[in-house]
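[1] Sequence first, predicted model second:
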Amino acid sequence: MTESFLIEDALKALQKYWNYSNFRERQAEVINNLSRGENLIALLPTGGGKSICYQIPAILHTDLSIVISPLISLMEDQVSDLKSRNIRAEAIHSGHTWGNIDRILDNCVYGDIKILYVSPERLQHPLFKERVLKMNISLVAVDEAHCISQWGHDFRPSYLEISQFIDEVSPKQIIALTATATDKVLSELVKLIFRRPPVIIKGSFRRDNISIRIKETEDKIGVLLKLCAQGYKTIIYVRSRRQVQMIAKTLTNHGRAAAYYHAGLSFKEKSKIQERFKLGKLQIVAATNAFGMGIDISDIQRVIHFDIPPSIEEYYQEIGRAGRDGKLSYADFLIGKNDKKYNKQKVKDSFPPLDFANKVYKFIHVHFNIGLHEGEGMTKPVKIEKLASKFGIPNKKLINALRLWQKLGVWEVVEDARSRTYCAITLSPQEIRKEENRLEDSYFVLDYFMRHYEQLFTGWIQLDIERDAKRMKIPLTELNDKLDYLCGLKYLKIYKLEPGTKINFLKNRISSHYLEEFKLKYDHLKKMSEERSKGISGFLESQECRMSYILSYFGEIEHKNCGMCDICNAHLKLDNVTSDIEIQRRYNEQHALRNQHLRNIE
């Protein structure tokens, strides 16, 4: 059974909630197909307005719509935006306590929410599975859908849970959205997500307002400082946190308003940097690829790559964050003397020999006392330096092995900037109530937990102790003291995870005899990584128009040279500042010709 709506109602919703009079060309095509009840894959470039393509149908559909999204920042930003437009939306992810998740799911079951964002890791959790089967689901939207494909540049094993989830909930309609997908990735999306053939809508990857320039230099910092001195709002993409911090500090020392951004920052720190950058209080953000999906800033004028990204797909997504306002922007790629050689070695190191990886697999489980057929759902803090020392290997080798098992879907290694407190009750509700007189001024803590955490007696739950202390109207230190007191009396158990690196175990431990089952997957992922590396290497070496190379990579056959890149303007031999002026002149000419052509058609 499909669900449809009138296109006139979609336009009314667009006007009412977003104050836009019309959809963009590709948005209109997507909405038209969805209005007829079609399943759909939308391949739209970065900045193409993908979110409206599922938010409008979600508003018009009768029942709940679920959006599967990979990043907490992306979900939080979109939920906040929807709520500001008086659209009922919520998100479920690892940043929420189970008490809060429980409340949100109840609201979904009883029809109080229109759009629910959920991370793919949550799809198979028992609490979510139990509640979602009670929901009437009109639409499932899979955002950043390329993450489901092992041929894709950003494969995430948790996305493979989506196929089973769709079978279980049988939504009336499905849409998958991505900005970057080759034909192989599209083929895998159709196979894994859809139960009937979808309509496929592809927007062109061409970006006429981005000037791509590659510069080989032995003084990358010097060139970087000259580029940043021009005052454009700029993102600098770097592949390591240490380099990100160093570049931000260097720019600040040279009088630029700069900050660094990476996955190890707290949610509050990331939000503050995004907001300052959006408002123009920061000119430059030096960032790892953590600064990307979900960052809705239209007036970025320059993207600089200080290091070589692992693929054309990732490079295209990152430069696509420039010029979303339609104005001319610049994508500068700085290549040092040994960068190409280092990049090849990095690809090789990211796939350590499988026999070594197997030893690390066993070592990690033994270190945490995890037996055979145990481990799934556990979270353990790790100190990389101590573990590497204990195992007798360099830090980098251990990190590469841990990341390999993450690619294979065994565990995920996460950087958590927050401390987390988990609690388990050792008595029944009846037994606790009998202790009220004995506990005196500590009983109210247990009573509060029983009233606010419905899953309290089912096992370990995550507490939100800062919020709880405020609601109890006591200092946080006092609440921690009372928790310690109750632990001492054996009424409850408390487990605290401090900020730092953690391993979330996604699968139970298996014997070394069965680890061979991962070999085919290992070989496949390694081959794909090598092919993507060849793609970006070919891009750097090519004497073809930069935009034409990208379009050919994504399968676009008919295209003309951009006239804006360093290859198209190689004969000018200009420095960066003069080049910017010349490119702006050419862009203005092309823009004027396009406008004249449109007027002639009218």
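    Nice, thanks for sending it over.

[2] for the residue lying closest to I384 once chain neighbours are set aside, phi and psi?
    Leaving aside its chain neighbours, I384 sits nearest to N395 (5.5 Å; criterion: C-beta to C-beta, 6 or more residues apart in numbering). All C-beta spots, glycine's among them, are computed from the backbone N, C-alpha and C. Phi and psi for N395, reported as degrees, to the nearest 10, are phi -50, psi -40.

[3] which ones are touching N395?
    N395 makes contacts with 384-385, 388, as judged by C-beta atoms under 8 Å, 6 or more residues apart in numbering.

[4] tell me the pLDDT at it?
    Listed pLDDT for N395 reads 89.

[5] What's the separation between it and S240?
    13 Å (C-beta to C-beta, to the nearest Å).

[6] I'd guessed D339 sits against F306; true?
    No: D339 is beyond contact range of F306, at 9.4 Å (criterion: C-beta atoms under 8 Å).

[7] centroid residue for the protein?
    Centroid-nearest residue in the chain, with C-alpha atoms, centre = their mean: L71, separated by 3.5 Å.

[8] That one and R156: what is the separation?
    The value you get for L71 to R156, if C-beta to C-beta is used, is 11 Å.

[9] same deal with I393?
    Distance from I393 to R156, by C-beta to C-beta: 27 Å.

[10] What of I175?
    19 Å.

[11] neighbour count winner among these two?
    For I175 versus R156, the count of surrounding residues by other C-beta atoms under 10 Å is larger for I175: 30 against 20.

[12] Could you look up the SS state of the more buried one?
    Counting by DSSP: H, G, I helix; E, B strand; the rest coil, the backbone at I175 sits in strand.

[13] Am I right that it is in contact with L139?
    Yes: in this structure, I175 is within contact of L139 by C-beta under 8 Å, at 6.9 Å.

[14] overlap in contacts of the two?
    Joint contacts of I175 and L139 (C-beta under 8 Å, 6+ apart) are 54, 57.

[15] so when I look at I41, I'm seeing a strand, right?
    Yes: counting by three-state DSSP, I41 falls inside a strand.

[16] who does it bridge with?
    Beta bridges link I41 to A176, I200 when assigned by DSSP bridges.

[17] unless I'm mixing things up, it is touching I201, no?
    Yes: between I41 and I201 there is a contact at 7.1 Å, judged by C-beta under 8 Å.

[18] who's more crowded, these two?
    Just comparing I41 and I201: by other C-beta under 10 Å the higher neighbour count belongs to I41, 23 against 20.

[19] OK, contacts around the more buried one?
    Going by C-beta under 8 Å, 6+ apart, I41 touches 145, 175-178, 186, 189-190, 198-201.

[20] Which of these are buried? Put it as a ChimeraX command.
    Selection command for ChimeraX covering only the buried members of these, criterion 16 or more other C-beta atoms under 10 Å:
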select :145,175,176,177,178,186,189,198,199,201
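
[21] Dump the contacts of I41 to JSON lines, plus distance to K359.
    Formatted as JSON lines, the contacts of I41 follow (distance: C-beta to C-beta, whole Å):
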{"residue": "A145", "distance to K359": "35"}
{"residue": "I175", "distance to K359": "44"}
{"residue": "A176", "distance to K359": "38"}
{"residue": "L177", "distance to K359": "40"}
{"residue": "T178", "distance to K359": "37"}
{"residue": "L186", "distance to K359": "38"}
{"residue": "L189", "distance to K359": "36"}
{"residue": "V190", "distance to K359": "39"}
{"residue": "P198", "distance to K359": "44"}
{"residue": "V199", "distance to K359": "48"}
{"residue": "I200", "distance to K359": "44"}
{"residue": "I201", "distance to K359": "47"}
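
[22] I284 is in contact with Y237, isn't it?
    No: I284 is not in contact with Y237 according to C-beta under 8 Å; the separation is 11.7 Å.

[23] tell me the domain ranges of this protein?
    7-202, 210-337+529-601, 344-418+501-510, 425-495 (automatic domain parsing).

[24] Of these, which stretch is the most buried?
    Among the domains of the chain, ranked by average contacts under mean count of other C-beta atoms under 10 Å, first place goes to domain 7-202 (a mean of 19).

[25] got the end-to-end distance for that one?
    End-to-end distance of domain 7-202: 20 Å, with C-alpha to C-alpha, to the nearest Å as the criterion.

[26] With stretch 387-396 instead?
    In stretch 387-396, first residue to last residue: 11 Å (C-alpha to C-alpha).

[27] now do stretch 231-248
    15 Å.

[28] ditto for stretch 16-29
    Distance across stretch 16-29, first residue to last, is 20 Å (C-alpha to C-alpha).

[29] Then stretch 117-135?
    Terminal-residue distance, stretch 117-135 (C-alpha to C-alpha): 14 Å.

[30] Need the residues that contact it.
    Counting by C-beta under 8 Å, 6+ apart, 63-64, 66-70, 72, 75, 78-79, 89-94, 98, 101-102, 105-106, 108-109, 147, 156, 158-159, 161-162, 164-165, 168-169, 412, 455 sit against stretch 117-135.

[31] Inside strands: which ones of these?
    64, 66-68, 89-92, 412 (DSSP state E).

[32] what's the neighbour count on K527?
    K527 is flanked by 12 other residues according to other C-beta under 10 Å.

[33] From the chain's centroid, how far away is the helix or strand in which it is found?
    Using DSSP states H and E, K527 sits in helix 519-541. How far helix 519-541 lies from its chain's middle: 21 Å, per C-alpha atoms, centre = their mean, to the nearest Å.

[34] And for stretch 363-380?
    27 Å.

[35] cool, stretch 44-57 as well?
    So, by C-alpha atoms, centre = their mean, the centroid of stretch 44-57 is 16 Å from its chain's centroid.

[36] try stretch 188-198
    Centroid displacement of stretch 188-198 relative to its chain, using C-alpha atoms, centre = their mean, is 22 Å.

[37] cool, and stretch 114-121?
    13 Å.

[38] Could you give the average pLDDT over that stretch?
    pLDDT averaged over stretch 114-121 gives 90.

[39] begin at 31 from here
    Happy to do that; since the first residue is 31 now, the last one works out to stretch 144-151.

[40] how long is it end to end?
    So stretch 144-151: terminal residues 21 Å apart, C-alpha to C-alpha.

[41] Now do the strands in the stretch 181-330 of the chain.
    203-208, 229-232, 240-246, 264-267, 288-291, 314-317 (DSSP state E, counting those that start in this stretch).

[42] OK, contacts around the nearest residue to L457 once chain neighbours are set aside?
    In this structure, L457 finds its nearest non-sequential neighbour in Y521, 6.2 Å apart by C-beta to C-beta, 6+ apart. Shown in contact with Y521 (C-beta under 8 Å, 6+ apart): 455-457, 462, 465, 469, 476.

[43] want to throw those into a markdown table with pLDDT, distance to V377 and secondary structure?
    Output for the contacts of Y521, formatted as a markdown table (pLDDT from 0 to 100; distance: C-beta to C-beta, whole Å; DSSP: H, G, I helix; E, B strand; the rest coil):
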| residue | pLDDT | distance to V377 | secondary structure |
| --- | --- | --- | --- |
| I455 | 82 | 49 | strand |
| T456 | 81 | 50 | coil |
| L457 | 81 | 54 | coil |
| I462 | 83 | 56 | helix |
| E465 | 82 | 60 | coil |
| L469 | 80 | 59 | helix |
| L476 | 86 | 54 | helix |
